[in-house]
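Colleague: After the sequence you'll find the predicted model.
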Amino acid sequence: IQVHGIYPRDTVNAKSFDQVFPEIQKRLQNRVVVAHNESFDRNVLAKSMALYHLDYADLNIASRWECTVKIYKAKGFKPTKLSDCCREMKIQLSHHEALSDARACAKLYLMK
C-alpha cells in the first residue's frame, strides 16, 4: 500500500493471476522481455506462476531479460534507480504507477 497506493478494495473485483495469465503468456511468449530490475521482476513472475502451478518454461522466454539497470550502470549512471535514470534522461515518470514505470523503462531501453 505504501509503495503503490493500491488498497484491497481496489482489487476486490479484479481477475486473479491465473485468469489473466493467458494474456500475459500471449504478450511475453517468444519475445524479448525488458525490465528495469530484471532479476527481481523475473523472480516475481516465476514465483507468481509457481503459486498457480503454472510452468515458467511454458513462456518460452529467455532466462535473462534485457535489464535497463545493467545498461545504464554500464553507461556510468549512479545511482541506477528508475527514477534517477528517468530524471537524467528527461523521461516523465509517475514512479510506482505500473503503466508509467513500464513506459519509462521502455523509453530507457530504446534510448540505450
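Modeller: Perfect, thanks for sending it.
Colleague: Would you mark the buried spots in stretch 57-76?
Modeller: Residues 59, 61, 65, 67, 68, 69, 70, 71, 72 are the ones in stretch 57-76 that count as buried (16 or more other C-beta atoms under 10 Å). Using the backbone N, CA and C atoms, a C-beta is placed for each residue, glycine as well.
Colleague: I'd say the first one and residue 29 touch.
Modeller: Translated: residue 59. Yes. Using C-beta atoms under 8 Å as the test, residue 59 is close enough to residue 29 to be in contact (5.8 Å).
Colleague: closest to residue 112 among the buried residues of stretch 57-76?
Modeller: residue 71 (5.0 Å; C-beta to C-beta).
Colleague: show me where this protein has helices.
Modeller: 8-11, 17-28, 38-51, 68-74, 82-89, 98-110 (DSSP state H).
Colleague: Packing partners of the second one?
Modeller: It stands for helix 17-28. helix 38-51 (3 or more C-beta pairs under 8 Å, 6 or more residues apart in numbering; DSSP states H and E).
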